[in-house]
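In: Structure, please.
(2 chains)
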Amino acid sequence: MKINLSVKIGKIKLKNPVMTASGTFGYAEEFNDFINLKRLGAIVTKTVTLKPHIGNLPARTCETPSGMLNSIGLENPGLEVFLKSKLPFLKKLNIPVIMSIASIGSPEEFIELAKRLNKVSAVDALELNISCPNIIGEKTLISQECEATYKTVSSVRKATNKTLITKLSPNVTCISDIAKAAQSAGSDAIALINTLSGMSIDIEKRAPKLKAVTGGLSGPAIRPVALKMVWEAYNNIKIPIIGMGGIMDTPSALEFLIAGATAISIGTANFINPKATIEIIDGLSEYLKRKKIKSAEELTGSLSHEK
Amino acid sequence: MLQIKARIISNKRCKGNYRHCIVNAKSLAKASNPGQFLNIRVSDGLKPFLRRPFSVHNINGSNLEILYEVAGEGTKLLADKNPGEYLDIIGPLGHGFDCRQEANRQTILIGGGIGIAPLLFLSRKIKSKNKIALIGARTKSQVLCEKEFRSLGCDVKIATDDGSAGFKGRVTALLKKVLQANRPTGQQVTIYACGPRSMLKAVCSIAMQNNIPAQVSLEEHMSCGIGACLGCVIKTRKGLERVCKEGPVFNREDLTWGKNEN
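Out: I've put the predicted structure just below:
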């Protein structure tokens, strides 16, 4: 039986639904020794800002039960360095490159980034990171308000012809309202979830384990929360969902597809098992064969339950 | 960088809370340089969640040795592993010691506690015939690798906090004494150090006062170990640098020891 793993997100076609989650895969070079990167459905880069950004002071990560906290704070070399020294490697892989972008300070930066990237053919899609919880001094995230989400997404929409993905925060009252706002503003897809806000304390020092005190929680600890949000969003919007949050292996990837995700992203799992993405691609194929399902698309939202 | 399953040959207590583990890992053994480290998955489950970094202690043919202290959840699980079991190892990682020094230079290796671990492998690779190994420990029963350093031709000196063996006091005080006796200059000697942060800070300060080059190996909590997560950065004179990639070995001139690092 021939299995079709390919899926479509906006204008881009992925040969399989397995992507990398921004911030957990660097700019892909870091993983070149471990896996054949060309097999990935798509690569989502570490978030890039207009100017180089130093991020937060260490300690920036700590382990928590079944997960970890991070407060990296969007450290990145900035757009120019990315285009010159990171993008050429990604281009050679010949798979869709989804560039994660963020603004620090003014949302105008999103527009500037989108405009400049619109002419860069090696970038296939943009992922708007309006949900990073680690920007010091930023009390509310764009993706925590429907209006701000709508405004930002629609202004970027006007500035680019590329596929536009909006990445959402789980730290909200109603995820489907935010997802709807992104959809009506012209986003081609939504990615969820970004990390959950959290903290951890060193009881000997009676001090926070992270220098920034709070950070974003990732890993299997957040999986049920993420899954529920994907399911909820799926029931309320029409655009594709890229699901993520603690996916470690094939069974957890399948949960997200069944809940309503068209594609899935592997994040923190890359740190523990750099081969996780490839193992999941193979695992999905085997599952579909076993279940006699012809395509990955058929899995999306196939949850059966009595109302 | 490689990811392999390595068979455990032995995993025994050596002294106090210290343990010595030998794994068979030909490809890793071949590729490793002194000061580099391995990121080991000590459990197949989610507890602990992240890998644990260990320095390469020694290479013996296709066997690779790790010396570790049972200090937390991860090392406790590692201590429970039996010969014949397999360890999922990523390595060799990071930037190790630069020991391409000319043979007529003097070398001072200084390790505190478990910090002695990477220095044995380093000692084997250093061509110099004039090697001094300064071993620091809390007490006599915890002095590591004395015999091994002697068999490599090192002049071994010991410092214990309680004076139960060798010099009584910090290993850094012993370093000062050695430098005073020999009066070497920066053209003649290099210091290589690994140990607790306070010890390394003192080593760098002593080396600076004596105008001697020093390379120190830092330890930091890590999430990926391969340079992707940017979690293990420290402040250096070159900006923020990753302990797992630009380190773990740094030249003393590059370290700031500022309030906000580590």
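
In: show me where chain B has helices.
Out: Ranges of helices in chain B, per DSSP state H, are B:26-31, B:73-79, B:117-125, B:146-151, B:171-182, B:197-209.

In: Dump those to CSV, plus mean neighbour count, distance to chain A and mean pLDDT.
Out: For the C-beta atoms, the positions are set from N, CA and C on the backbone; glycine is no exception. Output for the helices of chain B, formatted as CSV (neighbours: other Cβ atoms under 10 Å in any protein chain shown; distance: least, Cβ to the nearest Cβ, whole Å; pLDDT from 0 to 100):
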stretch, mean neighbour count, distance to chain A, mean pLDDT
helix B:26-31, 17, 11, 96
helix B:73-79, 18, 9, 96
helix B:117-125, 23, 22, 96
helix B:146-151, 15, 32, 96
helix B:171-182, 17, 24, 93
helix B:197-209, 19, 13, 96
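
In: so can I have JSON lines of those showing distance to A:Pro208?
Out: Shown next, in JSON lines, are those (distance: least, Cβ to Cβ, whole Å):
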{"stretch": "helix B:26-31", "distance to A:Pro208": "36"}
{"stretch": "helix B:73-79", "distance to A:Pro208": "20"}
{"stretch": "helix B:117-125", "distance to A:Pro208": "30"}
{"stretch": "helix B:146-151", "distance to A:Pro208": "40"}
{"stretch": "helix B:171-182", "distance to A:Pro208": "30"}
{"stretch": "helix B:197-209", "distance to A:Pro208": "19"}
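
In: closest to B:Phe97 out of the ones you listed?
Out: Closest approach to B:Phe97 among the helices of chain B (Cβ to Cβ): helix B:117-125, 5.2 Å.

In: Report the distance from that closest one to the chain centre.
Out: Helix B:117-125 has its C-alpha centroid displaced from the chain centroid by 8 Å (Cα atoms, centre = their mean, to the nearest Å).

In: Chain B contacts on the stretch 101-250 of chain A?
Out: A:Lys211, A:Gly219, A:Pro220 (Cβ under 8 Å from any Cβ of the partner chain).

In: quick one: which of those is nearest A:Pro17?
Out: Of these, the one sitting nearest to A:Pro17 (Cβ to Cβ) turns out to be A:Pro220, at 19.5 Å.

In: Need the per-residue pLDDT for the residue nearest to that closest one when sequence neighbours are not counted.
Out: The shortest distance from A:Pro220 to any non-neighbouring residue, by Cβ to Cβ, 6 or more residues apart in numbering or on different chains, is to A:Gly246 (4.1 Å). pLDDT, A:Gly246: 98.

In: and A:Gly246, what does it touch?
Out: Listed by Cβ atoms under 8 Å, 6 or more residues apart in numbering or on different chains, the contact set of A:Gly246 reads A:Ser66, A:Gly67, A:Ser218, A:Gly219, A:Pro220, A:Ala221, A:Ile222, A:Arg223, A:Ala226, A:Ser252, A:Gly267, A:Thr268.

In: for it, helix, strand, or coil?
Out: Three-state assignment for A:Gly246 (DSSP: H, G, I helix; E, B strand; the rest coil): coil.

In: measure it to A:Leu210 for me?
Out: Look at A:Gly246 and A:Leu210: by Cβ to Cβ, to the nearest Å, they are 19 Å apart.

In: Point out where the stretch 51-200 of chain B drops to low pLDDT.
Out: Counting by pLDDT under 70, the stretch 51-200 of chain B has low-confidence residues at B:102, B:185-187.

In: Most proximal residue of it with respect to chain A?
Out: The nearest approach of the stretch 51-200 of chain B to chain A comes at B:Arg51, 6.3 Å away (Cβ to the nearest Cβ).

In: That residue reaches B:Ile90, doesn't it?
Out: Yes: counting by Cβ atoms under 8 Å, B:Arg51 does reach B:Ile90; the two are 6.9 Å apart.

In: Identify the contacts common to the two.
Out: By the contact definition Cβ under 8 Å, 6+ apart, B:Arg51 and B:Ile90 are jointly contacted by B:Asn39, B:Ile40, B:Gly225.

In: Could you verify my assumption that the second one touches B:Leu87?
Out: Yes: in this structure, B:Ile40 sits in contact with B:Leu87. The criterion is Cβ under 8 Å, and the distance is 5.7 Å.

In: returning to what we had before: now that we're looking at the residue of the stretch 51-200 of chain B closest to chain A, which residues does it contact?
Out: B:Arg51 is in contact with A:Phe271, A:Ile272, B:Asn39, B:Ile40, B:Arg41, B:Val42, B:Ile90, B:Met222, B:Gly225, counting by Cβ under 8 Å, 6+ apart.

In: Also A:Ala102?
Out: Counted by Cβ under 8 Å, 6+ apart, A:Ala102 has contacts A:Thr47, A:Val48, A:Thr49, A:Leu74, A:Glu109, A:Phe110, A:Leu128, A:Asn129, A:Ile130, A:Cys132.

In: again, but for A:Ala226
Out: A:Pro170, A:Leu192, A:Ile193, A:Gly243, A:Met244, A:Gly245, A:Gly246, A:Phe256.

In: ditto for B:Arg150
Out: Residues in contact with B:Arg150, defined by Cβ under 8 Å, 6+ apart, are B:Val156.

In: hang on, the earlier thing: distance to A:Leu164 and secondary structure for the contacts of A:Gly246 - can I get that in a markdown table?
Out: Shown next, in a markdown table, are the contacts of A:Gly246 (distance: Cβ to Cβ, whole Å; DSSP: H, G, I helix; E, B strand; the rest coil):
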| residue | distance to A:Leu164 | secondary structure |
| --- | --- | --- |
| A:Ser66 | 33 | coil |
| A:Gly67 | 29 | strand |
| A:Ser218 | 24 | strand |
| A:Gly219 | 28 | coil |
| A:Pro220 | 29 | helix |
| A:Ala221 | 30 | helix |
| A:Ile222 | 25 | helix |
| A:Arg223 | 26 | helix |
| A:Ala226 | 21 | helix |
| A:Ser252 | 27 | helix |
| A:Gly267 | 21 | coil |
| A:Thr268 | 25 | coil |
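
In: Return the member of those residues nearest to B:Ala31.
Out: Nearest to B:Ala31 among the contacts of A:Gly246, with distances taken as Cβ to Cβ, is A:Thr268, at 26.6 Å.

In: what about the closest one, how many neighbours?
Out: Number of residues near A:Thr268 (other Cβ atoms under 10 Å in any protein chain shown) recorded here: 30.

In: okay, it: pLDDT?
Out: 98.

In: For it, give its distance to A:Ser169.
Out: From A:Thr268 across to A:Ser169, the span is 17 Å (Cβ to Cβ).

In: residues contacting the residue lying closest to A:Ser295 once chain neighbours are set aside?
Out: Excluding the flanking residues, the one nearest A:Ser295 by Cβ to Cβ, 6+ apart is A:Asn4, at 4.0 Å. The contact partners of A:Asn4, by Cβ under 8 Å, 6+ apart, come to A:Lys294, A:Ser295, A:Ala296, A:Glu297.

In: What about the second one? Give its phi and psi, please.
Out: Backbone torsions for A:Ser295, taken as degrees, to the nearest 10, come to phi -140, psi 150.

In: contacting residues around it?
Out: Contacts for A:Ser295 (Cβ under 8 Å, 6+ apart) come out as A:Ile3, A:Asn4, A:Leu5, A:Ser6, A:Leu288.

In: Of those, which pair is most distant in space?
Out: Pairwise over these, using Cβ to Cβ, the maximum falls at A:Ser6 and A:Leu288, 12.1 Å.

In: Those two: who's more crowded?
Out: A count of neighbours by other Cβ under 10 Å puts A:Leu288 above the other of A:Ser6 and A:Leu288, at 20 against 14.

In: any idea how far the more buried one is from A:Ala259?
Out: Applying Cβ to Cβ, the value for A:Leu288 to A:Ala259 is 17 Å.

In: State the mean pLDDT of stretch A:79-96.
Out: For stretch A:79-96, mean pLDDT is 98.

In: Flag every buried residue along stretch A:270-288.
Out: A:270-274, A:276-281, A:283-284, A:287-288 (16 or more other Cβ atoms under 10 Å in any protein chain shown).

In: Good, we can wrap up now.
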